[in-house]
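# with the input below, show me the fold.
(chains A, B and C)
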Amino acid sequence: MPVSADAPRPIVDARGLWKRYGALTVLHGVDLSVAERELVFIIGPSGSGKSTLLRCLNRLEEPDDGSIHVDGIELLSPKTDINAARRRIGMVFQSFNLYPHMTARQNVMLALRKVLGKSRDEADSIAAAALHRVGLGERMDHHPAQLSGGQQQRVAIARAIALEPRVMLFDEPTSALDPELVGGVLNVMRELRESGMTMVVVSHEMAFARAAADRVVFMADGQKLEEGPPAQIFGDPQHERTRAFIRQIDRH
Amino acid sequence: MSGLENFLFSFFNLKVMATYLPLVAQGLALTVLLALLIVVAGLALGLALAVLRSFGIRPLNWLIIFTVDLFRALPPLVIIVLLFFGLPTLGIGLSGFAATWLSLTLVLMAFSEEIYWAGITAVPKGQWEAARSTGLSFLQTLRMVVLPQALRITIPPLTNRTIAITKGTALGSVVGVAEILGASQSAMSFSANPSALTLGAIAYLVLFIPVVALGRWIETRFAWKR
Amino acid sequence: MDDFLTAFLNVEIVREAWPILWQGFLYTLALSAITVPLGMVGGVILALLSTAGPRGIRWAAAAWTDLFRAIPPLVLLVFLYAGLPFAGLDVGAWGAVAIGFFLNTGAYYGEVLRAGIGSVPRGQVEAARSTGLSQAQALAHVVLPQAVRNVLPDLVSNTLEVVKLTSIASVVALPELLFQARQAQNATYNATPIVAAAIAYFLLLWPLVRLISRLENKAMAGR
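Alright, predicted model coming up:
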């Protein structure tokens, strides 16, 4: 397992994950380990199981077999309080999934109050700080419908980081955005990375992967075929499937 | 008497109306009370069933669906008659008021459960996932994220259905409830003049036209937008 | 339990009351076959008047609709059946039911269809007119078919309500299912006939309820 020497303790340690939907097997015993402060990028063709893998990491999908430790807690154990565990795992979705009946600020405050049990004032100031951090200090009291897609996604990031997660999962965070709005979201992700957040990103933003990732994982047909530093995966891929995928991406 | 005089004497006889106004007014009060009790109990029970159904417990859900279907399929008057004339043979006597209240409450429960449930399932799956991913529990997510959105889109159909069912309070007259129709029917037989019935019809209009207009306003105000 | 069975599900009594219950059931079907089309005709007229008529007519049609949605159908029926004869106008039980359902369910169908017509974009009429169709042709061939499809769940659910509503004809002594069940109950001093009638209503209408719930869920999910 290629874990860099300066960060020996894995925050995420998933082993032998299997996931089946009826006759279709989406994950074939996948392992994934992510070290503290590491940014791992998962790429692969659609249907490769990368989103399913990500969604298993906070148990939005229930793996059929395997084990997942996040920050030392076994997620799949029936004894684990999944709600307590999940607040240590931030998740950002392709479709933002902001609560449409709440303002940006209320979106961020909800879990602070109900999961962490913060007082209204405390939750309010944490939410304000998180929204400032993603550049939306001016728009805290807007409803999602009054925000652009890029702004909504930044609110969604603020909603996750306000809970001070140990790791952040990004599920195609820019795929639903118009091209001119992608930059703002990537900037926020870059800033997060520089602040030392551990991140697992499923995305097609290859330029961002090259520039920011510590490690790139290539998946196809529910298996991890290859992983390594971006320079190796993009510059000198070992596996034929990886080469084909990179060629296709480069053509676009 | 000319035709018009005859018509006015029969249907707008002010003397008859004045005599029976207190009786019909009492009927109006009883209708309002009955309707309020039905609305409160019916909507609350419907919501409770929809919430129970969201837990996804198979046999329980079959039972809920069957109950809901049953009270949607049966004519309210049949339920009222069954409860009023049927239960006493088991030694459980229900007053006409109680039988009407219970019947229409069950009917509103069934219809509103179906509407609430459709609203809950209309909330996108991503809303559940986002909320659960921040550590909110199932119930917290349901209460704070899903229901507020579901209830908003259910307001127009719920309002219209509630109005339609509360108008069924008139069916109580069949089992001797002295609500508006019951009261004005007895007035009609005392006075041998249908003006009391006109009075009853006016009472319904006074009561329900504002409600129908409100329903129409709500329909445009809460049109299915998000 | 035995008490319950004797009082509510007494096979002997079902057998005894069967002929008149069956007659009542057929009568209910016939009544529905008459009142549903009657209400639909009233509804189409009201919907057209309230969307395509001149301003004054539109307003009057809307007021008419609200008026008959506000009066409980049983009140209307009692008025027509028991009130009108005082003015020398005896329309009989059948007449009262026909007029009452035309007015009441017509208003409900009218409201549903009005919403349906409103849901068809203006451009549809304009496109149809631009190809030379008359206003009436555009309505009949372009607008109404789309309107009906857009509000199909409401139309079906309204139809269910009309069939259920035929039970109030028992109040004016038309020998439909509920009336016959009451007669049988009075003759036998037993609630079984009413239970049997309820089961008959349920079996008749359950498929319709299932259909509506499927249509409604689809409609709600599509928003």
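
# residues contacting the residue of the stretch 151-252 of chain A found nearest chain B?
Of all residues in the stretch 151-252 of chain A, the one sitting closest to chain B is A:Leu163 (6.2 Å; CB to the nearest CB). In short, each C-beta sits where N, CA and C put it, glycine included. Contacts for A:Leu163 were tallied using CB atoms under 8 Å, 6 or more residues apart in numbering or on different chains; they are A:Arg87, A:Arg88, A:Gly90, A:Ala111, A:Leu112, A:Val115, A:Leu116, B:Thr134, B:Gly135.

# ditto for C:Ile99
C:Leu80, C:Val91.

# now do B:Val211
B:Ile163, C:Ala70 are the contacts of B:Val211 under CB under 8 Å, 6+ apart.

# go on, the one 5 residues further on?
Contacts for B:Arg216 (CB under 8 Å, 6+ apart) come out as C:Asp66.

# tell me which parts of chain B are close to chain A?
Counting by CB under 8 Å from any CB of the partner chain, chain B comes close to chain A at B:124, B:126-127, B:129-137, B:140, B:144-145, B:148-149, B:152, B:226.

# which of the residues you listed are buried?
Burial by neighbour count, judged by 16 or more other CB atoms under 10 Å in any protein chain shown, picks out B:124, B:127, B:129-137, B:140, B:144-145, B:149, B:152 from the residues of chain B next to chain A.

# and these, which two are furthest apart?
Using CB to CB, those reach their maximum pairwise distance at B:Gly135 and B:Arg152, which is 24.9 Å.

# so which bits of the stretch 151-252 of chain A are right by chain B?
Residues of the stretch 151-252 of chain A lying near chain B (CB under 8 Å from any CB): A:Ala156, A:Arg159, A:Ala160, A:Leu163.

# helices of the chain, start to end?
Picked chain A for this. Secondary structure of chain A, counting by DSSP state H: helices at A:50-56, A:82-86, A:104-114, A:120-133, A:149-161, A:179-194, A:206-212, A:230-235, A:240-251.

# my bad, the chain I had in mind was chain C
Counting by DSSP H, the helices of chain C are C:2-8, C:11-52, C:55-70, C:73-78, C:92-118, C:122-130, C:135-137, C:144-150, C:152-165, C:177-188, C:192-221.

# so how far is the last one off the chain centroid?
Here the centre of helix C:192-221 is set off from its chain's centre by 14 Å, with CA atoms, centre = their mean, to the nearest Å.

# could you do the first one as well?
Between the mean C-alpha location of helix C:2-8 and the chain-wide mean there is a distance of 34 Å, by CA atoms, centre = their mean.

# next: the shortest one.
Averaging C-alpha coordinates over helix C:135-137 and over its chain gives two centres that are 28 Å apart (CA atoms, centre = their mean).

# what comes into contact with it?
By CB under 8 Å, 6+ apart, helix C:135-137 touches C:Ala52, C:Val125, C:Ala128, C:Arg129.

# give me the buried subset of the residues you listed.
Among the contacts of helix C:135-137, those buried by neighbour count (16+ other CB under 10 Å) are C:Ala52, C:Val125, C:Ala128.

# using CSV, lay out these together with distance to chain B.
Shown next, in CSV, are the buried ones among the contacts of helix C:135-137 (distance: CB to the nearest CB, whole Å):
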residue, distance to chain B
C:Ala52, 19
C:Val125, 21
C:Ala128, 25
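
# make a markdown table from those and add pLDDT and distance to B:Met109 to it.
Below are the buried ones among the contacts of helix C:135-137 laid out as a markdown table (pLDDT from 0 to 100; distance: CB to CB, whole Å):
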| residue | pLDDT | distance to B:Met109 |
| --- | --- | --- |
| C:Ala52 | 77 | 39 |
| C:Val125 | 83 | 42 |
| C:Ala128 | 83 | 45 |
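
# okay, now the unreliable bits of chain C?
For chain C, the stretches with pLDDT under 70 are C:1, C:219-223.

# just give me the residue right at the centre of it.
Centroid-nearest residue in chain C: C:Val162, 1.8 Å away (criterion: CA atoms, centre = their mean).

# next one: it from B:Leu82, what distance?
Relative to B:Leu82, C:Val162 is positioned 21 Å away (CB to CB, to the nearest Å).

# what of B:Trp101?
Computed as CB to CB, the B:Trp101 to B:Leu82 distance reads 14 Å.

# now do A:Phe170
Counting by CB to CB, the gap from A:Phe170 to B:Leu82 is 59 Å.

# more neighbours: which of those two?
Neighbour tally, A:Phe170 and B:Leu82, criterion other CB atoms under 10 Å in any protein chain shown: the higher count belongs to A:Phe170, 28 against 22.

# show me the contacts for the more buried one.
So A:Phe170 contacts A:Leu54, A:Val92, A:Met189, A:Met199, A:Val200, A:Val201, A:Val202, A:Ser203 (CB under 8 Å, 6+ apart).

# let's have those residues in a markdown table, adding distance to chain C and pLDDT.
Below are these laid out as a markdown table (distance: CB to the nearest CB, whole Å; pLDDT from 0 to 100):
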| residue | distance to chain C | pLDDT |
| --- | --- | --- |
| A:Leu54 | 26 | 95 |
| A:Val92 | 25 | 95 |
| A:Met189 | 33 | 95 |
| A:Met199 | 34 | 96 |
| A:Val200 | 32 | 97 |
| A:Val201 | 31 | 97 |
| A:Val202 | 27 | 96 |
| A:Ser203 | 29 | 93 |
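
# can you name the two of the residues you listed that are farthest apart?
A:Leu54 and A:Met189 (14.8 Å).

# mind checking how far the residue lying closest to A:Ser67 once chain neighbours are set aside is from A:Glu74?
In this structure, A:Ser67 finds its nearest non-sequential neighbour in A:Arg15, 5.2 Å apart by CB to CB, 6 or more residues apart in numbering or on different chains. Distance, A:Arg15 to A:Glu74, using CB to CB: 11 Å.

# swap in B:Phe12?
B:Phe12 sits 81 Å away from A:Glu74, going by CB to CB.

# can you pull the pLDDT of the residue nearest to A:Ser67?
Note on A:Arg15: pLDDT of 95.

# burial measure for it, as a count.
Applying other CB under 10 Å, we find 15 residues neighbouring A:Arg15.

# which residues does the residue nearest to the centre of chain C contact?
C:Ser32, C:Thr35, C:Val36, C:Gly39, C:Phe101, C:Thr105.

# what sits closest to the last one if chain neighbours are left out?
Across the structure, with CB to CB, 6+ apart as the measure, the residue nearest C:Thr105 apart from its sequence neighbours is C:Gly39 (3.1 Å).

# roughly how far apart are the residue nearest to C:Leu144 when sequence neighbours are not counted and C:Arg58?
Excluding the flanking residues, the one nearest C:Leu144 by CB to CB, 6+ apart is C:Ile117, at 7.4 Å. Shown here: C:Ile117 relative to C:Arg58, a distance of 12 Å by CB to CB.

# quick one: C:Val151 and C:Arg114 touch, right?
No: look at C:Val151 against C:Arg114 with CB atoms under 8 Å: they stay out of range, at 9.3 Å.

# run a quick neighbour tally on B:Gly3.
Quick note: B:Gly3 (other CB under 10 Å) scores 9 neighbours.
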